[in-house]
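Asks: model the structure of this input:
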Amino acid sequence: MQVLIVGGSLNGLTTAALLAQQGVRCMVVERHPDTTVQYKFAGISPRSMEIYRGLGLEDEIRAQRTGDQKSGEIARAPNLSSSDVHFMGKPWADTAEFSPVTAATCDQDHLEPILRANAVRHGADVRFATELLDLEQDEHEVRARIRDLKSGASALVTADFAIACDGVTGKTRERIGIGRHGPGVLQHWMNLIFESDLQPFLQGKRITSCFVTDLNASIVPRADRWLLALQYSPEQGEKPEDFDQARTQELVRRAAGRADVKVQLFDARSWEVSAYIADRFASGRVFLLGDAAHSMPPTGGFGGNTGIHDAHNLAWKIALVTSGKAGMGLLGTYDAERRPVAEATLAQALARLSAWFRNLGERLPPPAKMRDDMDVIFGQRYLSGDAFEDARHPSASPGTRAPHVQVREGARVVPIHDLVGTSFVLLCASQPGEWSAAAREVTQRQGIPLRVATAESAEAYRLADGEAVLIRPDGIIFERISGRHSLLDVLHSCLKVVFPCASTGLRSFSAHTNSSSS
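Replies: So this is what the prediction gives:
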């Protein structure tokens, strides 16, 4: 094995699936006995759905949406029986101009098993009920001691790299000496999952969720069990264990505005709204990803999606380095690219939190100017002064997401983002035969998968005759190439910038079982 992933939740399993798809041998260790029963993350952005589509999971994810989530509006009302209802529209805007896919609502308890099965199917070793005891590294490898919580047996594992996906309260970040900054814990919340005879309608309209102002809480319908999420106050003596069957029944009935509602508590769990950014997203051979790298308020739905994008950025780079096709310098671009985007995305989440909860006052920094959601989702820009561009007018410049267009590859016409994922794409305006000949030779010399496609319309990329753009496996534009002469030299030099063909000196991942229970 080449990569140890610490944490088997949303982002850890996404990372494992992306690495395994590209032939990287990885192990996931997760201390919980199984995937989550909590809904947690639910709103998969269209950009994230592009990534899951690349894993072949789009249809399966959409099939797992509950009936109440396939359609419906977001609402705001004093309670579910009130006539004073403000409908706020669909949870996701139409994104047909940006992407070949739409957003999806798939609760995390449904999504994680899909990701787990996909990772295992492609060769990942996923171990639940397994905790990380210790982690250290040197210039050659990462060494970790893990323990099976069922048998008590411990094992020493060595890997080329480790990725910390163990969340905002995980210990890996501290173990490798990376600090963090930000406003910290802002609110304390409880998630109460309950069975009920409530119906997911207000004034005859199906709802996706409703913010209930009588409780300052959100109530979310599901096909089987509903969710009530509300704040509690530890400073006033409230504790998570206070939210038992009787308390849950009282709160749900207040949210419903009716005393005759059937309520049966299924699971109660506390969580914190916090805002942190790690000072670095990497130290040596260990990388931080998802909530281990950045914790965001749920306003805007950016947090979990940002972690999915982290994984997409890092996986192809590790795949090329572990296969010996790229030098270690490629991995240094992960922190340089993802941390500024995460900082800017956190600022957008905080700006939305300020607008919703004005009582936070001095606990928040001055709010950033709110950007359009589409800019945050599709307009991310690497290595630039502004982390977002206008997604409705993409620049098609290096470091930005390749604009959505239909392209021709051979005899078929497909969306450009259906071609990336495990290979580079050379998108040209004309002369695909000449570009293809050069690409084949580059692939033979470098061993880098490189596909050639022709834009059905060159307008979005501003491609003149004889020009092309080189798109990375994560759908980001790497370089614009001009001129039809010496195509091989141009392509080779572009790739050589990123792929110095340096010997990585990587060592194989091994595990040695220790029969002791310590």
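
Asks: when you work out contacts or count neighbours from here on, use the C-alpha atoms and nothing else.
Replies: Noted.

Asks: wait, isn't residue 95 in contact with residue 102?
Replies: Yes - with contact defined as CA atoms under 8 Å, residue 95 reaches residue 102; the gap is 6.3 Å.

Asks: pick out whichever of the two has more residues nearby.
Replies: Comparing residue 95 with residue 102 by other CA atoms under 10 Å, the one with more neighbours is residue 102, at 19 against 16.

Asks: what bits of the stretch 251-400 of the chain have low per-residue confidence?
Replies: Scanning the stretch 251-400 of the chain for pLDDT under 70 picks out the ranges 358-362.

Asks: so what sits against both of residue 95 and residue 102?
Replies: Residues touching both residue 95 and residue 102 (CA atoms under 8 Å, 6 or more residues apart in numbering) are residue 46.

Asks: what is the end-to-end distance of stretch 456-469?
Replies: Terminal residues of stretch 456-469 are spaced 14 Å apart (CA to CA, to the nearest Å).

Asks: what is the mean pLDDT for it?
Replies: The average pLDDT within stretch 456-469 is 85.

Asks: doesn't residue 208 make contact with residue 218?
Replies: No - if you go by CA under 8 Å, residue 218 and residue 208 don't touch, sitting 10.5 Å apart.

Asks: okay, these two: which has more neighbours?
Replies: residue 208 (23 against 19).

Asks: I'd like the distance between the more buried one and residue 87.
Replies: Taking CA to CA, one finds residue 208 at 11 Å from residue 87.

Asks: which neighbours do these two have in common?
Replies: Going by CA under 8 Å, 6+ apart, residues that sit against residue 208 and also against residue 87 are 73-75.

Asks: pick the one among those residues closest to residue 140.
Replies: residue 74 (51.2 Å; CA to CA).

Asks: host element of that closest one?
Replies: Assigned by DSSP states H and E, residue 74 belongs to strand 73-77.

Asks: nearest to the middle of the chain, which residue? Look it up for me.
Replies: When CA atoms, centre = their mean is applied to the chain, the residue found nearest the centroid is residue 308 (1.6 Å).

Asks: check contacts around residue 199.
Replies: Residue 199 makes contact with residue 221 under the criterion CA under 8 Å, 6+ apart.

Asks: tell me if it really is in a helix.
Replies: No - assigned with DSSP: H, G, I helix; E, B strand; the rest coil, residue 199 falls outside any helix and is coil.

Asks: in this protein, which spans are helices?
Replies: Using DSSP state H, the helices of the chain run over 10-21, 46-54, 58-63, 108-121, 172-175, 245-256, 303-322, 333-356, 373-378, 432-446, 487-498.

Asks: please identify the most buried of these.
Replies: Of the helices of the chain, the one with the most neighbours on average (mean count of other CA atoms under 10 Å) is helix 10-21, at a mean of 28.

Asks: one step back: average pLDDT across the strand holding residue 74?
Replies: Throughout strand 73-77, pLDDT has a mean value of 87.

Asks: helices and strands around that strand, which ones?
Replies: strand 86-87, strand 205-212 (3 or more CA pairs under 8 Å, 6 or more residues apart in numbering; DSSP states H and E).

Asks: got the buried residues for the last one?
Replies: By that I understand strand 205-212. For strand 205-212, the neighbour count (16 or more other CA atoms under 10 Å) marks 206-212 as buried.

Asks: taking those residues, tell me the two that lie furthest apart.
Replies: The span of the buried residues of strand 205-212, defined through CA to CA, is set by 206 and 212 at 15.7 Å.

Asks: partner strands of the strand holding residue 74, with direction?
Replies: strand 86-87 (antiparallel), strand 205-212 (parallel) (DSSP bridges).

Asks: how about the strands in the stretch 401-518 of the chain?
Replies: Assigned by DSSP state E, counting those that start in this stretch, the stretch 401-518 of the chain shows strands spanning 406-409, 412-415, 424-428, 450-455, 468-471, 477-481, 510-514.

Asks: need those in JSON lines (columns: distance to residue 16 and mean neighbour count).
Replies: Listed next are the strands of the stretch 401-518 of the chain as JSON lines, based on distance: least, CA to CA, whole Å; neighbours: other CA atoms under 10 Å:
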{"stretch": "strand 406-409", "distance to residue 16": "29", "mean neighbour count": "19"}
{"stretch": "strand 412-415", "distance to residue 16": "25", "mean neighbour count": "14"}
{"stretch": "strand 424-428", "distance to residue 16": "20", "mean neighbour count": "26"}
{"stretch": "strand 450-455", "distance to residue 16": "23", "mean neighbour count": "23"}
{"stretch": "strand 468-471", "distance to residue 16": "23", "mean neighbour count": "26"}
{"stretch": "strand 477-481", "distance to residue 16": "24", "mean neighbour count": "21"}
{"stretch": "strand 510-514", "distance to residue 16": "17", "mean neighbour count": "14"}
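
Asks: what's the closest of those to residue 162?
Replies: It is, among the strands of the stretch 401-518 of the chain and with distance given as CA to CA, strand 510-514, at 13.2 Å.

Asks: thinking again about what came up before, closest one to residue 120 among the strands paired with strand 73-77?
Replies: Within these, the stretch nearest residue 120 is strand 205-212; the backing value is 32.1 Å (CA to CA).

Asks: between the closest one and helix 245-256, how big is the angle?
Replies: Here strand 205-212 points in a direction 120 degrees away from that of helix 245-256 (axes from the mean of the first three to the mean of the last three CA atoms, to 10 degrees).

Asks: returning to what we had before: which one, of the strands of the stretch 401-518 of the chain, ends up nearest to residue 145?
Replies: Shortest distance between residue 145 and the strands of the stretch 401-518 of the chain, using CA to CA, is found for strand 510-514: 9.5 Å.

Asks: any idea of the mean pLDDT for that closest one?
Replies: So the average pLDDT for strand 510-514 ends up being 41.

Asks: swap in stretch 87-105?
Replies: Stretch 87-105 comes out at a mean pLDDT of 82.

Asks: ends of that stretch, what's the gap?
Replies: Stretch 87-105: ends 19 Å apart by CA to CA.

Asks: how far off centre is it?
Replies: 17 Å (CA atoms, centre = their mean, to the nearest Å).

Asks: same check, this time on stretch 182-197
Replies: 21 Å.

Asks: what comes up buried for that stretch?
Replies: By 16+ other CA under 10 Å, the buried positions in stretch 182-197 come out as 182, 184, 188-196.

Asks: what's the answer for stretch 214-228, then?
Replies: For stretch 214-228, using 16+ other CA under 10 Å, the buried residues are 215, 217-222, 225-228.
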